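Trainee: Return a 3D structure for these sequence lines:
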Amino acid sequence: MNILIVGNGFDLSHYLPTKYDHFMVAMGAIENWDEQKGEMSFDDLFGSLYEKENYFFKYTKAMYQTDKIKVSINQVTDLKKQLKENVWYQYFSDHVREVKTWIDFEQKIEEALNYTTDFIYKINDVYTKENTLELEVRTSGYKKSDYDNKFLYLSEKSCNALFNIDLLDKKFYEVVYDSGEIVVKYVESNSDKYKYFINPKNIKKFQNYDIYNNKDCVDFLNYKLDEFICIFNFYLTLVDVINPINNFVFLPFDIDRVYSFNYTNTFRRFYSDEKKVNFLHGVSGNQQNIVLGISDLKDESLKKIKAYGFTKYHQKLLKNTDYLFLTDIKEKVEKLIKSIEFNEEHLLDSFKNETQKASDEKFLAYLRGELEKINGNIYIWGHSLDISDDNYIKEIFSFNDSPKHNFNIVIFHYSNQAKFDLLTNLLHILGKEKVERWMKKGWLKFELNPNIVEINNIQPVDLPTFEK
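Mentor: Here you go, the predicted model:
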């Protein structure tokens with residue numbers, strides 16, 4: 001049995017623009033599009049990357065019918081509104097330089113949630129001592145009086161993140177002189193001076209006291225993440241309908257089963273539409289069930305506010321994705337091994353006659369044959385092997401723990417640095433003893449990605465000049 005496990009690098013090996021940068025650049029192009037120019041083309045979405053990623057896009061344009069990709073005026077108008085109103089998109093846009101991969105993206109979600117819990121707990125701490133609190137948030141200074149206890153004190157970085165996800169407001173001001181006195185005057189236009197204020201939408205006012213509604217706050221961020229997933233799904237549907245100019249030559253190894261960490265249907269579209277692909281994190285499209293979040297709630301404070309909706313495992317259960325992974329194969333292997341071991345021991349019974357022993361030998365040969373059918377290779381193509389998917393990685397390497405050898409694992413990589421990073425991640429998750437054992441036994445190998453353009457004899461094309 002040959003099993004293929006694919007991550008985002010599989011799509012990138014096929015020169016499909018599915019990197020985090022690709023998505024954000026395309027959304028930025030939509031945000032800034034002059035609608036009087038009409039609909040947007042593939043070049044309008046990605047043209048600003050043609051110089052930076054020349055090698056990538058000259059093959060994308062050579063391999064696919066990119067001229068068929070269009071975003072209508074109505075879609076542009078609708079997306080502009082969604083992007084402006086989505087707090088997670090605004091947060092990621094503000095941190096675009098810090099986020100380079102989808103793993104970084106997940107870490108930024110976790111960082112924002114940690115800021116949120118700190119914010120919530122500090123508000124609730126004030127309310128246990130005070131009936132009200134001041135909406136202004138201070139980023140510096142010391143508490144000099146009892147009145148200062150009514151203020152929240154947060155770092156500038158925390159405030160900026162909370163502003164992006166709409167839990168804080170930002171008011172710009174200028175310092176002016178009025179009748180000889182220094183006065184703070186709030187202004188509409190941007191200024192280099194500003195203050196942060198708690199967005200009052202989650203504050204519930206009663207006759208003599210206020211409370212902060214933690215649940216409304218978390219529910220709001222969950223709802224906005226769902227909206228962000230819908231925006232992302234629209235983008236992926238554009239990528240997932242790009243048809244190749246010519247059919248691809250089949251991959252240089254046979255595949256019996258496919259597990260995908262991607263949301264796109266690349267394998268089935270390009271190689272075999274008859275094969276079932278198990279989408280571990282959901283799939284894009286009209287009936288999308290995309291899973292996009294963090295691996296777990298590591299901080300106890302996140303558990304206390306029940307922020308489970310941001311975790312992948314909550315979303316996988318809710319959206320009914322293929323979260324069982326290799327479980328059925330593992331169970332079948334373990335059952336066969338136990339049966340083989342039992343029958344091998346049973347053959348030693350001296351009281352059996354030759355006919356019984358021959359029958360047992362035949363059954364034992366059948367069991368060994370069934371186990372042999374399952375044995376094979378697991379190919380991992382384009383997955384980072386990051387700690388965020390450590391449960392899956394441990395499950396992959398749970399084979400071969402018994403005396404019976406089941407699978408060899410081949411991990412594809414696109415560069416020496418990528419191999420370095422993949423090995424580092426494996427050592428971090430599995431420990432050096434297990435990784436060394438697998439490599440010494442020849443069960444684990446690293447190989448360069450199959451070169452799609454060479455296999456299919458594809459020649460690059462010149463890219464149009466992007467007008468800034």
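Trainee: tell me which residues of stretch 318-335 are tucked away?
Mentor: 321, 322, 323, 325, 326, 329, 330, 333 (16 or more other CB atoms under 10 Å). C-beta here means a position set from N, CA and C on the backbone, and glycine is covered the same way.
Trainee: Which residues does that stretch contact?
Mentor: Outside stretch 318-335, the residues that touch it by CB atoms under 8 Å, 6 or more residues apart in numbering are 1, 3, 259, 278-282, 289-291, 313, 315-317, 371, 374, 392, 395-396, 398-399, 402, 404, 406.
Trainee: Could you pick out which of those are located in strands?
Mentor: 3, 259, 278, 279 (DSSP state E).
Trainee: Just the buried ones from the residues you listed?
Mentor: Listed as buried from the ones in strands among the contacts of stretch 318-335 are 3, 259, 278, 279; burial here means 16+ other CB under 10 Å.
Trainee: how far away is the first one from residue 257?
Mentor: To residue 257, residue 3 is 5 Å away according to CB to CB, to the nearest Å.
Trainee: So residue 86 is in contact with residue 231, correct?
Mentor: Yes: in terms of CB atoms under 8 Å, residue 86 counts as a neighbour of residue 231; the distance is 6.5 Å.
Trainee: Could you check which of these two is surrounded by more residues?
Mentor: residue 86 (21 against 18; other CB atoms under 10 Å).
Trainee: Sketch out the helices for the stretch 351-468 of the chain, chain order is fine.
Mentor: 354-374, 390-396, 416-430, 432-440, 452-455 (DSSP state H, counting those that start in this stretch).
Trainee: will you turn the buried residues of stretch 318-335 into a markdown table that also has secondary structure and pLDDT?
Mentor: Compiled in a markdown table, the buried residues of stretch 318-335 are given as follows (DSSP: H, G, I helix; E, B strand; the rest coil; pLDDT from 0 to 100):
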| residue | secondary structure | pLDDT |
| --- | --- | --- |
| 321 | coil | 87 |
| 322 | coil | 71 |
| 323 | coil | 69 |
| 325 | coil | 88 |
| 326 | coil | 88 |
| 329 | helix | 87 |
| 330 | helix | 85 |
| 333 | helix | 86 |
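Trainee: Return the list of helices and strands in contact with the worst-scoring helix or strand of the chain on mean pLDDT.
Mentor: For the chain, counting by mean pLDDT, DSSP states H and E, strand 181-187 ranks last in confidence among helices and strands (a mean of 81). If contacts are counted by 3 or more CB pairs under 8 Å, 6 or more residues apart in numbering; DSSP states H and E, strand 181-187 sits against strand 168-178.
Trainee: thinking again about what came up before, what comes into contact with the helix or strand that the least confident helix or strand of the chain is followed by?
Mentor: Note on strand 181-187: by DSSP states H and E, the next helix or strand toward the C-terminus is strand 194-198. By CB under 8 Å, 6+ apart, the surrounding residues in contact with strand 194-198 are 123, 133, 135-137, 139, 152, 154, 159, 162-163, 167-173.
Trainee: of the buried ones among the ones in strands among the contacts of stretch 318-335, closest to residue 185?
Mentor: residue 279 (55.1 Å; CB to CB).
Trainee: doesn't residue 263 make contact with that closest one?
Mentor: Yes: the criterion here is CB under 8 Å, and residue 279 meets it with residue 263 at 7.4 Å.
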